[in-house]
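**Student:** everything below, folded, please.
(2 chains)
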Amino acid sequence: MAGNEPAPPAIVCDAGPLIHLEEVGCVELLTDFPQVLVPSAVWDEVAKHRPSAFMHNTVRFQKVTPDKALSAELDVMSRLLALHRGEREALQVAQGHPGCLLLTDDTGARLAARNLGLEAHGTIGVLLRAIRRKQKTKDEVVKLLRSLPTASTLHVRPGLLENIIREVEQSP
Amino acid sequence: MKTAIQAELPNELVAEARAFVEQGWVGDFDELLAEALRRYLESHSTRLAESFIQADVAWGLRGRE
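**Tutor:** Modelled structure (predicted):
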């Protein structure tokens, strides 16, 4: 693990990153987060589409049910951005855990997170972070990035993906 | 100009949409589909999506935790 960097925060997961990480065999990258909170709607969605995502004993999964009423801001944004139940619950749980990191690949959910003052990142961020956290080598991550279009259901514009790969290859 | 499309959709979603049409909230199924597509495209800015992914790259490679 990295030297004097601050400890990783708890994370709250939307379904996308769990499914996409599992598709490329990388759910274990979540191992070094102290808590991996999975809202019940997200849990059900992942259990339905990619149940093997939860079969990683080293990841501290915790199924949670939002215990507070939806905030007025989140309620309005959920409607405006047509967020799904899982995305809404993930934002709701994240609001109840100050300092946590939300994992989502949905642009609408990320926009809502930004407006709510929540830090949010997605699958590609987790894959690249693996180099910094010394969980994967740069070559391994480049290989994973190249596999995304065929091995996963994460859709990224090919030109953008190539730019990301180039940036990773040129990074120190 | 209009284009005919063929799509496979979940039964539940189609039933819900047809009920919406039958209740008179929208002219017909085609209109509902066009409106749904329009709203999706309006709320899924590619520029915004790319900016979030760029933020992911910065965090992934140079984050502090």
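**Student:** tell me the confidence at the residue of chain B found nearest chain A?
**Tutor:** Residue nearest to chain A within chain B (Cβ to the nearest Cβ): B:Gly60, separated by 2.6 Å. From N, CA and C alone the C-beta is placed, and that goes for glycine too. At B:Gly60, the model reports a pLDDT of 97.
**Student:** tell me the contacts of the nearest residue to it once chain neighbours are set aside?
**Tutor:** Leaving aside its sequence neighbours, B:Gly60 sits nearest to A:Leu128 (Cβ to Cβ, 6 or more residues apart in numbering or on different chains; 2.6 Å). Counting by Cβ atoms under 8 Å, 6 or more residues apart in numbering or on different chains, A:Leu128 makes contact with A:141, A:164, A:168, B:56-57, B:59-61.
**Student:** mind checking how far A:Leu128 is from A:Gln95?
**Tutor:** According to Cβ to Cβ, to the nearest Å, A:Leu128 stands 26 Å off from A:Gln95.
**Student:** swap in A:Ser171?
**Tutor:** Distance from A:Ser171 to A:Gln95, by Cβ to Cβ: 33 Å.
**Student:** between the two, which one's more packed in?
**Tutor:** Set side by side, A:Ser171 and A:Gln95 show more neighbours around A:Gln95, with 21 against 14, by other Cβ atoms under 10 Å in any protein chain shown.
**Student:** pretty sure the more buried one contacts A:Ala72?
**Tutor:** No - applying Cβ atoms under 8 Å as the test, A:Gln95 and A:Ala72 come out as separate, 11.7 Å apart.
**Student:** for the contacts of A:Leu128, pick the one with the most neighbours.
**Tutor:** Neighbour count (other Cβ under 10 Å) singles out B:Gly60 as the most crowded of the contacts of A:Leu128, with 26 neighbours.
**Student:** show me what the host helix or strand of that residue is packed against.
**Tutor:** Here B:Gly60 sits within helix B:46-62, counting by DSSP states H and E. Helices and strands touching helix B:46-62, by 3 or more Cβ pairs under 8 Å, 6 or more residues apart in numbering or on different chains; DSSP states H and E, are helix A:107-115, strand A:119-121, helix A:123-132, helix A:158-170.
**Student:** go with 10 Å
**Tutor:** Packing partners of helix B:46-62 (3 or more Cβ pairs under 10 Å, 6 or more residues apart in numbering or on different chains; DSSP states H and E): helix A:107-115, strand A:119-121, helix A:123-132, helix A:138-151, helix A:158-170.
**Student:** among these, which is nearest B:Glu35?
**Tutor:** B:Glu35 sits nearest to helix A:107-115 of all those, at 17.2 Å, using Cβ to Cβ.
**Student:** would you mark the buried spots in the closest one?
**Tutor:** A:107-113 (16 or more other Cβ atoms under 10 Å in any protein chain shown).
**Student:** kindly report the same for stretch A:138-147.
**Tutor:** Those would be A:141-142, A:144-145, for stretch A:138-147 by 16+ other Cβ under 10 Å.
**Student:** can you add pLDDT and give those residues back as TSV?
**Tutor:** TSV is the format used below for the buried residues of stretch A:138-147 (pLDDT from 0 to 100):
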residue	pLDDT
A:Val141	98
A:Val142	98
A:Leu144	98
A:Leu145	98
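**Student:** how many neighbours does A:Val156 have?
**Tutor:** Other residues close to A:Val156 by other Cβ under 10 Å number 20.
**Student:** correct me, but it touches B:Val57?
**Tutor:** No - between A:Val156 and B:Val57 there is no contact under Cβ atoms under 10 Å: 11.2 Å.
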